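Trainee: Below are the sequence and a predicted model; questions follow.
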Amino acid sequence: QQIIAGTVDFGASDDPMSEELLTKHELLQFPAIVGGTVPVVNIEGVEPGALRLTGDVLAKIYLGDIKKWDDEAIKALNPDLNLPAKSIVVIHRSDGSGTTFGWTNYLSKVSSDWKNRVGEGKAVRWPTGQGGKGNEGVAAYVRQLKNSIGYVEYAYAKQNNLSWAQLQNLDQQFVQPNQESFAAAAANADWNGTPGMGVVLTNEPGADSWPITAASFILVPKTARSTEKATAVLEFFDWAFKNGSTQAAELDYVALPNEVTDEIRQAWSSSLKSTEGKAIWAP
């Protein structure tokens, strides 16, 4: 709202703005960084990365159709795990969030039942479970409640020593959530062919791609209210693209591929102008 109102020099969002709104408000959008959302569980004896789930099974858990950890559908994916005959305690976000958007967008892509019964959004009408506020609230519930499952950003899973699950991706491969699998999803995305570079990085192709990857997006006005401030904003992100990969990794996020940041700079050069109509970024 603030970037639309013109009260700030740039805005940020965890889900991309539509082409229609970008055009209406004369904004340029570009991705800044990539991370992943992971299912986390609290099952006695199950170590991080040991549990395997598919998107369909995950959707059925969150729809309330699969109710126990020893359900045949889960056991078939995990023949070597001793899963308890206990009810699954489902945890979701109580507040609207980009994390929930990515989670529900993914479930809508892999499950027609989920798409038809719940759908996607920053906030949805959950069929089952209890809500925690923020990543930290969901992480706290999962840590405290035995036999629970929730979803958080990867960084929160690591920082809270939570057990995450493997997921089967679009190429039918089971993958672990990590910086390599997030980077693979980003590398396989069609950034240039998507309006406003607004790629939703869920269920991307690639044998190594994590299926619930997400980018954070930056919004800037196409006509700069202040050329000096607009240039400073671009110089900051240019510096971050060149120098921020180490800091991103330390925070359990992933820098964009160089090919993508080159496309972003080209967009700056061709789309961003001063009030006099002059380009404010030289490639």
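Mentor: Sure, I can see it.
Trainee: ok, which stretches of the stretch 1-150 of the chain are strands?
Mentor: Secondary structure of the stretch 1-150 of the chain, counting by DSSP state E, counting those that start in this stretch: strands at 11-13, 27-42, 52-53, 89-93, 130-132, 148-153.
Trainee: nearest to residue 68, of the ones you listed?
Mentor: The closest of the strands of the stretch 1-150 of the chain to residue 68 is strand 89-93. By Cβ to Cβ, the value is 11.0 Å. (Each C-beta comes from the backbone N, C-alpha and C, glycine too.)
Trainee: one step back: how about the strands of the stretch 1-150 of the chain in a markdown table, adding mean neighbour count, distance to residue 209 and mean pLDDT?
Mentor: Putting the strands of the stretch 1-150 of the chain into a markdown table (neighbours: other Cβ atoms under 10 Å; distance: least, Cβ to Cβ, whole Å; pLDDT from 0 to 100) gives the following:
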| stretch | mean neighbour count | distance to residue 209 | mean pLDDT |
| --- | --- | --- | --- |
| strand 11-13 | 16 | 22 | 93 |
| strand 27-42 | 24 | 10 | 97 |
| strand 52-53 | 20 | 16 | 99 |
| strand 89-93 | 23 | 24 | 99 |
| strand 130-132 | 17 | 28 | 97 |
| strand 148-153 | 26 | 17 | 98 |
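Trainee: As CSV, those strands with distance to residue 117 would be great.
Mentor: As requested, the strands of the stretch 1-150 of the chain are arranged in CSV below (distance: least, Cβ to Cβ, whole Å):
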stretch, distance to residue 117
strand 11-13, 27
strand 27-42, 19
strand 52-53, 19
strand 89-93, 15
strand 130-132, 18
strand 148-153, 18
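Trainee: nearest to residue 244, of these?
Mentor: strand 27-42 (7.8 Å).
Trainee: hmm, back to that, what's the closest of the strands of the stretch 1-150 of the chain to residue 197?
Mentor: strand 27-42 (5.4 Å).
Trainee: and the angle for the closest one with strand 89-93?
Mentor: 160 degrees (axes from the mean of the first three to the mean of the last three Cα atoms, to 10 degrees).
Trainee: So for residue 64, which of the strands of the stretch 1-150 of the chain sits nearest?
Mentor: Across those, residue 64 has its closest neighbour in strand 89-93 (7.4 Å, Cβ to Cβ).
Trainee: Just the CA coordinates for the closest one, please, in CSV.
Mentor: The C-alpha trace of strand 89-93 is given here as CSV (Å, rounded to 0.1, in the frame of the first residue of the first chain):
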residue,chain,number,x,y,z
VAL,A,89,-1.8,-32.7,15.2
VAL,A,90,-2.0,-30.2,12.3
ILE,A,91,-0.5,-26.7,12.8
HIS,A,92,-1.0,-23.8,10.3
ARG,A,93,-0.6,-20.1,10.4
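Trainee: Which strands border that strand, and is each parallel or antiparallel?
Mentor: Sheet partners assigned to strand 89-93 using DSSP bridges are listed as strand 130-132 (parallel), strand 148-153 (parallel).
Trainee: how far out from the middle of the chain is the first one?
Mentor: Counting by Cα atoms, centre = their mean, to the nearest Å, strand 130-132 is centred 19 Å from the centre of its parent chain.
Trainee: Now do the helices in this structure.
Mentor: In the chain, the segments counted as helices under DSSP state H are 2-5, 19-25, 55-63, 72-77, 98-110, 112-117, 134-144, 154-159, 179-187, 227-243, 245-250, 258-271.
Trainee: on that earlier part again, let's have the strands paired with strand 89-93 in CSV, adding distance to residue 20.
Mentor: Compiled in CSV, those are given as follows (distance: least, Cβ to Cβ, whole Å):
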stretch, distance to residue 20
strand 130-132, 31
strand 148-153, 28
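Trainee: I'd like to know which of those is closest to residue 193.
Mentor: Of all the strands paired with strand 89-93, strand 148-153 comes closest under Cβ to Cβ, at 26.9 Å.
Trainee: can you give me the offset of that closest one from its chain's centre?
Mentor: Worked out by Cα atoms, centre = their mean, strand 148-153 lies 13 Å from the chain centre.
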